[in-house]
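model the following, please.
(one chain, ligands or ions: 1)
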Amino acid sequence: MRTIRDLAALRARVRDWKAAGERVGVVPTMGALHPGHLSLVHTAKAACDRVIVTLFVNPKQFNSPEDLAKYPRTEATDAALLEPAGVDLLFAPDAASVYPPDFATRVTVAHLPEVLCGAHRPGHFDGVATVVTKLLLMTGADQGFFGEKDWQQLQIIRRLVADLNIPSQITGCPTLREADGLAMSSRNLRLSQSDRLAAPALYKAMEQAAAAIHNGTADQTALAAAEAAILRAGFSRVEYLERRGAEDLLPIDPATPRPSRLFAAAWLGEVRLIDNIPI
Ligand code: PAF
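A predicted model of the protein is given here:
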């Protein structure tokens, strides 16, 4: 596996692959890799002849300089995980080459970013949309792989790729969970020992709410019970716990059934956890 930081070198490599008729996949990441990322790589390997992983801690999607500074930078460990997974190329550009001083473009998707995480993290999804647009165009990948754990992000990426005619197929990959149900995330490493024990209560409460709704309990009743259970388990705040349409993320009218999901964000100490499941 080669690590490339330079766009011209990346493009030359991809051009050669494509000239040989090879299908190129990309797994965009911000590093601090865990088995969830590696499952994206495995899916990409099965679907493509060549797999690029991008490693770029995107300053535009952080809400504060402190958060950006705290984000783990573990390139050597990440590379050591990716090499045996059969990744062909690690693209790890520096911030100045992705966003030169005169950079002046922002990709904004309408509506989808206004709810759930977007309502609590102003500008976050503009940052994600801008960098994902750039990464897909820089790599020229035929297919991009993203985790369903960030479901809202995935819907936003699908929208921008369709709207901007970016010739990359977008594939969502299922959330990987720890044995106790906690969704895998780089943030889990920041949980204290006691908070780590409390953390699976989020998924458990969501599952119970989804089952109750499925069996006819009113949304409001099921969601109130879930929120109470999450707080009882030791979470300090439930930022949101909502049922919404799976693709448009709009509120659900229980009288008109359509595919929906339960979405949650909740704080455990200093750590904000998110999760989503189908109903
Ligand atoms: O999901 C992530 O890790 C990031 O939001 C992404 C897609 C790599 C863009 O920076």
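
could you pull out the strands for the stretch 151-279 of the chain?
Shown for the stretch 151-279 of the chain, the strands assigned by DSSP state E, counting those that start in this stretch span residues 169-173, 237-245, 260-268, 271-278.

tell me the most buried of those?
Most buried of these by mean neighbour count (mean count of other Cβ atoms under 10 Å) is strand 260-268; its value is a mean of 22. All C-beta atoms are positioned from the backbone trio N, CA, C, and that covers glycine.

using CSV, list the CA coordinates for it.
Extracted in CSV, the C-alpha atoms of strand 260-268 (Å, rounded to 0.1, in the frame of the first residue of the first chain):
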residue,chain,number,x,y,z
SER,A,260,-38.8,5.1,8.7
ARG,A,261,-35.9,5.1,11.3
LEU,A,262,-35.3,6.1,14.8
PHE,A,263,-32.5,8.6,15.2
ALA,A,264,-30.8,9.6,18.5
ALA,A,265,-28.0,11.7,19.8
ALA,A,266,-27.2,11.8,23.5
TRP,A,267,-24.4,12.9,25.8
LEU,A,268,-22.5,10.7,28.1
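
can you tell if the helix or strand bottoming out on mean pLDDT in the chain touches the ligand?
Lowest mean confidence among the helices and strands of the chain (mean pLDDT, DSSP states H and E): helix 65-70, at a mean of 92. No - using Cβ under 6 Å from any ligand atom, helix 65-70 stays clear of the ligand, coming no nearer than 11.9 Å.

which is the next helix or strand following that helix?
Remark: after helix 65-70, the chain's next helix or strand is helix 75-82, criterion DSSP states H and E.

would you list the strands that whichever helix or strand comes after that next one pairs with, along with their directions?
The helix or strand immediately downstream of helix 75-82 is strand 89-91, counting by DSSP H and E. Here strand 89-91 has these sheet partners by DSSP bridges: strand 2-4 (parallel), strand 50-55 (parallel).

buried residues in the first one, which are they?
Read that as strand 2-4. For strand 2-4, a neighbour-count test (16 or more other Cβ atoms under 10 Å) marks residue 4 as buried.

low-scoring stretches of the stretch 101-250 of the chain, by residue?
For the stretch 101-250 of the chain, not a single residue meets the criterion pLDDT under 70.

now do the helices in it.
Assigned by DSSP state H, counting those that start in this stretch, the stretch 101-250 of the chain shows helices spanning 116-120, 124-139, 151-163, 193-198, 201-214, 219-232.

and of those, who's closest to residue 277?
Residue 277 sits nearest to helix 201-214 of all those, at 5.5 Å, using Cβ to Cβ.

angle of that closest one against strand 237-245?
Between the axes of helix 201-214 and strand 237-245, defined by axes from the mean of the first three to the mean of the last three Cα atoms, to 10 degrees, the angle is 40 degrees.

can you list contacts of helix 201-214?
177, 181-183, 219, 221-223, 225-227, 229-230, 232-235, 241, 243, 262, 264, 266, 273, 275, 277-279 (Cβ atoms under 8 Å, 6 or more residues apart in numbering).

again with stretch 118-126
60-63, 106-109, 112-113, 117, 152-153, 156, 239-240, 265.
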